[in-house]
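J.: okay, here's the prediction I keep looking at, along with the sequence it came from:
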Amino acid sequence: MAAYPYLVQIAWDAVNKFIEDWQCEPYRWPRERDVQTELASRLRSVYRIIGRDTIVGNYSDALAGFEGNQKWNRVCCEHTISYTYKDGKKYRCYPDIIIWDDIENPDSPPDADGISNWPVLWLCEVKLEEKEKENWDVEKMRYVLTQGDAKYACWLNFSIKRAEAGNGVTWENPLKNNRLWLCGVMLPALK
């Protein structure tokens, strides 16, 4: 993989470590939600340790006492992102894991207008036992990436079966720009 911004590199490192752990103990995370929450929790923990676990976005409808002091988690699950489909209409999606980017002016959140998105540094979709190599989630990630609302994205497809050969992990870069990575994960082949 290419050189990435620091917070994105941490995300890739967390993904790779989780893949390694999953291959050793796949039954610990039997559902998509288990994988999603484990990975999001690991990311939150690392960002908290380095002091980068929150972002500031001051919305006008804040409760009394929180005007100008609204901290939000940098890592979240299934928040709303909008994108424009090829038919020209706006649609919403809910990526499994999102890492929000910082903004220049916390007193003017870009999504306060209800039309724009808060900028996404990295997003991830998680699948278990997905039959198709790519699916609709990948297409939505492409829209969000190409429309400039996200910088990087990852699609993880875990399958509890043994690879015929090798370590069971395959990475693909379909956009050829190191911004979108698709990863198929199986158990390593028995030697």
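T.: Looks like it arrived, so ask away.
J.: what's the single longest strand in the chain?
T.: strand 150-162 (DSSP state E).
J.: parallel or antiparallel, list what pairs with that strand.
T.: Paired strands of strand 150-162, with direction, are strand 120-128 (parallel), strand 180-187 (parallel) (DSSP bridges).
J.: now the shortest one - C-alpha only, CSV.
T.: Spelled out, that is strand 180-187. Provided in CSV are the C-alpha atoms of strand 180-187 (Å, rounded to 0.1, in the frame of the first residue of the first chain):
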residue,chain,number,x,y,z
LEU,A,180,-10.2,2.1,-2.5
TRP,A,181,-9.1,-1.4,-1.4
LEU,A,182,-11.1,-4.6,-1.5
CYS,A,183,-9.9,-7.4,0.8
GLY,A,184,-11.0,-11.0,0.8
VAL,A,185,-10.1,-12.8,4.0
MET,A,186,-10.2,-16.6,4.5
LEU,A,187,-8.3,-18.8,6.8
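J.: contacts for that strand, please.
T.: Outside strand 180-187, the residues within contact range by Cβ atoms under 8 Å, 6 or more residues apart in numbering are 1, 15, 19, 22-23, 26, 133-134, 138, 141-142, 145, 152-163, 168-174. Bear in mind the C-beta positions are built from the backbone N, C-alpha and C, glycine included.
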